[in-house]
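Peer 1: Quick one, structure for this:
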Amino acid sequence: MSVYKGQTLTLSIFGTSHGPSIGMTLSGIPSEANINLDVLQEFMARRAPGNSPFSTSRKEPDIPEFVSGLRSGSSGNSRNLTTDGSEIKAIIYNRDVKSSDYSKISNTPRPGHADYTAHVKYGGTEDSRGGGAFSGRMTAPLCIAGGICKQLLAERGIYINASIHDIHGNAEDPLSEIKKAQVLRDSVGGTILCTISGLEAGYGGPLFEGLEGRIAEIVYAIPAVKGIEFGAGFESTRMYGSENNDEFYYDERGTVCTRTNNCGGVLGGISDGMDIEFRVAIKPTPSIARPQKTIVYDSTEEAVIEVHGRHDPCIVPRAVPCVEAAAAVVITDLVLTERTASSTVSKESKDLTTVSPTSASSFGLVSRDLSHLRSSIDEIDLQLLALIERRLKIAESVAAYKKENNLGIIDSNREASLQKRIRSLSSDDLADLNEDIFKAIIRASCKHQEKILK
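Peer 2: Predicted coordinates:
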């Protein structure tokens, strides 16, 4: 079993490529989140084998069976489920296994695979059939978790999309490179471009809490990933600072933007509100039908092997949803853990407000002592005061911008959009109250802007 531990989410992936099943458990997802199984299955199909002439002929439907964590939604539609707040567990049964393909090479490690290193680490007890726990097949459970997280993020206006940037260095006609590799009984790799849009500024942190590091950690868990770069990446080494720096400006809504995005949407490990962009390098599939030199275990002999069986000449197309899934898990963990950061909020007080407010216990406020509860409320009030004052200060800059551009104080479309977003982020029992609170804040902001303009 392999485990990813975020600050709120914990993802465990279990099973092996040729074992009876593979699966995942995902804990930390709040209750009452809506999950559509058709949308999830469509996402899973993008990764599933046997759906393209450029992928392995192994046929696996990759339909997850949910054991826990989901229940029928209020709509009565069996394809629309709701999380119940418990650990989500799903299993995929392996249907099309041909382990005999690997019997002849069980004593000879395949070049480019984890056969040798796994043999050293586990002393020969590892399941080497089809790569075992190191197989790209293990990304199917990752896509279950990522597909769930993508739906949660979409409800919050955050979208993650990846695509093929190039294959074997060819960005104009990438599929031709795969065809060429098939003819040569060889394989090719490529680059995947991933974009995260809709994430506000302020997520992440310095040093070990950096957003780039968190994304890289889980992206590197995808077999065959050998590199990742954000924004201009290595190309920035060829630039002057004046070329690489992303200059700031206010857009027509008074939102802080950058004129370029060489930083990839991350500064100092923290999101800057622009699209987060990164590229992932995928190595060529190590399983190829051409003769390769290797060794024989438990001897000093060398051998030549040809890897037969069913393999992708290029795994980049099927790795695209895997990259999306990995990014979705990280961003969901951030969204559930953090809120837009304020320099005036201390870490101690922040801990009280970083979990989805579904119940009092979500905040750790389980004490029956009234004075303790009131002290906690007082602490939160101080945070709110600091944030409201900061909001009003930003509103002053917005007012100045509107004055220079002859714009009115009231922006009905902006207000309607904000109210809709507040309701979507609120639990059902607090949606009306939260909307009333933000209406009052908006009125205060407009009044403050009018005062500044006078």
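Peer 1: And for the nearest residue to residue 239 once chain neighbours are set aside, the neighbour number?
Peer 2: Leaving aside its chain neighbours, residue 239 sits nearest to residue 232 (6.9 Å; criterion: C-beta to C-beta, 6 or more residues apart in numbering). Yep, even glycine has a C-beta here, placed from its N, CA and C like the rest. Neighbourhood size, residue 232 [other C-beta atoms under 10 Å]: 19.
Peer 1: Can you tell me how far residue 232 is from residue 238?
Peer 2: Distance, residue 232 to residue 238, using C-beta to C-beta, to the nearest Å: 9 Å.
Peer 1: same question, residue 200
Peer 2: 31 Å.
Peer 1: Which one's more surrounded, the two?
Peer 2: Set residue 200 next to residue 238 and count neighbours by other C-beta under 10 Å: residue 200 wins out with 16 against 9.
Peer 1: show me where the stretch 1-150 of the chain has strands.
Peer 2: Secondary structure of the stretch 1-150 of the chain by DSSP state E, counting those that start in this stretch: the strands cover 2-5, 10-15, 21-27, 34-36, 65-68, 70-72, 80-83, 88-93.
Peer 1: tell me the phi and psi of residue 276?
Peer 2: Dihedral pair for residue 276: phi -80, psi 120, per degrees, to the nearest 10.
Peer 1: Spit out the contact partners of it.
Peer 2: Neighbouring residues of residue 276 by C-beta atoms under 8 Å, 6 or more residues apart in numbering: 195-197, 199, 211, 215, 230, 264-266.
Peer 1: What of residue 39?
Peer 2: Residue 39 makes contacts with 147, 151, as judged by C-beta under 8 Å, 6+ apart.
Peer 1: could you redo the last one with a cut-off of 7 Å?
Peer 2: Counting by C-beta atoms under 7 Å, 6 or more residues apart in numbering, residue 39 touches residue 151.
Peer 1: gap between it and residue 81?
Peer 2: Per C-beta to C-beta, residue 39 is found 11 Å from residue 81.
Peer 1: which intervals of this protein have sub-threshold pLDDT?
Peer 2: Within the chain, the segments meeting pLDDT under 70 span 50-60, 74-76, 96-105, 130, 309-310, 339-376, 378-379.
Peer 1: What segments of it are helices?
Peer 2: 37-47, 115-122, 139-155, 174-183, 211-219, 241-244, 316-337, 347-350, 370-404, 412-425, 431-453 (DSSP state H).
Peer 1: between these, which gets nearest to residue 296?
Peer 2: Taking C-beta to C-beta, helix 115-122 is the member of these nearest to residue 296, at 11.6 Å.
Peer 1: Show residues contacting the closest one.
Peer 2: 109, 126, 128, 132, 134, 297.
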